[in-house]
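S.K.: What would the 3D arrangement of this be:
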Amino acid sequence: MSRFYIDEVLTPGAEVELSGAVAHHAVRVLRLRDGADVTLFNGHGGEYDGRLHIVGRRAWVNVGRHIAIGRESPLAITLVQAWVAADKLDWLVEKAVELGVAGLILVPTTRSVVQLDGARRERRVRRLREIAISACCQCGRNIVPEMAAANTLREGLEAAAESDRIGLLLAPDATESAVTAVAAAGSISLVVGPEGGLEPAEHLLATDLGYRPVSLGPRILRTETAGLAAIAALQATSGDMH
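M.R.: Presented below is the predicted three-dimensional model:
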C-alpha cells in the first residue's frame with residue numbers, strides 16, 4: 001500500500017488535493033493508476049484509508065476511515081548527533097527514522113567537519129525533515145520524528161537532558177555497556193560525537209550534565225555508524241525489537 005504524508009487536517013469523507021511533488025511521486029514515480037488504494041497520514045497519530053483519483057495533471061484522494069494504529073517504539077530515543085558530511089547525514093537520518101528514533105538534535109562540535117551558519121543550518125534541517133517524512137512513508141510510521149539543530153553543543157545537550165531521560169554518551173574507552181545501562185529505561189538521550197571524537201572539554205561538559213559514558217564493544221565505529229548501531233541494540237534489548 002502506497003503511503004503519503006499530508007500536512008493538513010484529515011477527515012473521513014474529505015477530498016484532499018495532492019501537491020505537485022506528492023502527485024508527481026504517486027503518478028510518475030510509483031505509476032499508480034486512477035482508483036488505486038492508498039494510505040494517508042499527517043503526523044498526528046494513526047492513518048487513513050484513501051482512494052486515489054487522477055484526471056490529467058490533477059491528482060486527489062478521497063479520504064476514508066481513520067485507523068488508530070501506532071508503530072512507535074516504547075523506548076523513546078533522542079539522538080544528539082554531531083554534524084557530519086551531507087551525504088552521511090542524509091543516510092543517517094533515513095536509517096535512524098526506520099529504526100524508530102523519536103527525535104534528532106544536531107550539534108556543532110570543535111572537530112565537526114561541517115560548520116553551518118543560521119540560514120544554511122535552517123535549510124539543512126528542512127531538508128532532513130523531508131528525508132524523515134520519506135522514511136516514515138516507507139517504514140509505516142505515523143509520527144514524524146522531531147528534527148532540530150542547536151546553536152551550541154551545550155544548548156543541544158541541555159535540550160535533550162530532560163529529567164525523565166537517561167543520558168548516554170558513546171565513548172570508545174567507556175567501561176559500561178550501552179545495553180546494560182538502560183535495562184528499564186523508557187526515554188533515552190544518546191550523544192554521538194564527530195569523526196575525530198569530542199574534545200576532552202566537550203566530553204567533560206556532557207558528563208557534568210549527567211550523560212553517562214557507555215561503549216558499544218571493542219571496535220571503534222564511525223560516527224554515522226555508531227548512533228545507528230546503538231539505536232538498533234537498544235531497540236533489540238529494551239524497545240520494540242525485543
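S.K.: Show me how the chain divides into domains.
M.R.: Annotated domains of the chain cover 2-67, 76-238 [automatic domain parsing].
S.K.: Can you add mean neighbour count and mean pLDDT and give those back as CSV?
M.R.: Glycine gets a C-beta too; all of them are placed from N, C-alpha and C. Shown next, in CSV, are those (neighbours: other CB atoms under 10 Å; pLDDT from 0 to 100):
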stretch, mean neighbour count, mean pLDDT
domain 2-67, 15, 93
domain 76-238, 18, 93
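S.K.: backbone phi and psi for the closest residue to Glu195 other than its chain neighbours, please?
M.R.: Once flanking residues are discounted, Glu195 sits nearest to Thr223: 5.5 Å by CB to CB, 6 or more residues apart in numbering. Backbone geometry at Thr223, expressed as degrees, to the nearest 10, gives phi -60, psi -40.
S.K.: what's the single longest helix in this structure?
M.R.: Ranked by number of residues, the top helix in the chain under DSSP state H is helix 118-139.
S.K.: residue closest to the middle of the protein?
M.R.: Nearest to the mean C-alpha position of the chain, by CA atoms, centre = their mean, lies Val97 at 3.9 Å.
S.K.: wait, what's in contact with the closest residue to that one other than its chain neighbours?
M.R.: In space, and not counting its chain neighbours, Val97 is closest to Ala135: 3.8 Å by CB to CB, 6+ apart. Residues in contact with Ala135 (CB atoms under 8 Å, 6 or more residues apart in numbering) are Val93, Glu94, Lys95, Val97, Glu98, Arg141.
S.K.: now those as JSON lines including secondary structure?
M.R.: What follows is the contacts of Ala135, written out as JSON lines (DSSP: H, G, I helix; E, B strand; the rest coil):
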{"residue": "Val93", "secondary structure": "helix"}
{"residue": "Glu94", "secondary structure": "helix"}
{"residue": "Lys95", "secondary structure": "helix"}
{"residue": "Val97", "secondary structure": "helix"}
{"residue": "Glu98", "secondary structure": "helix"}
{"residue": "Arg141", "secondary structure": "coil"}
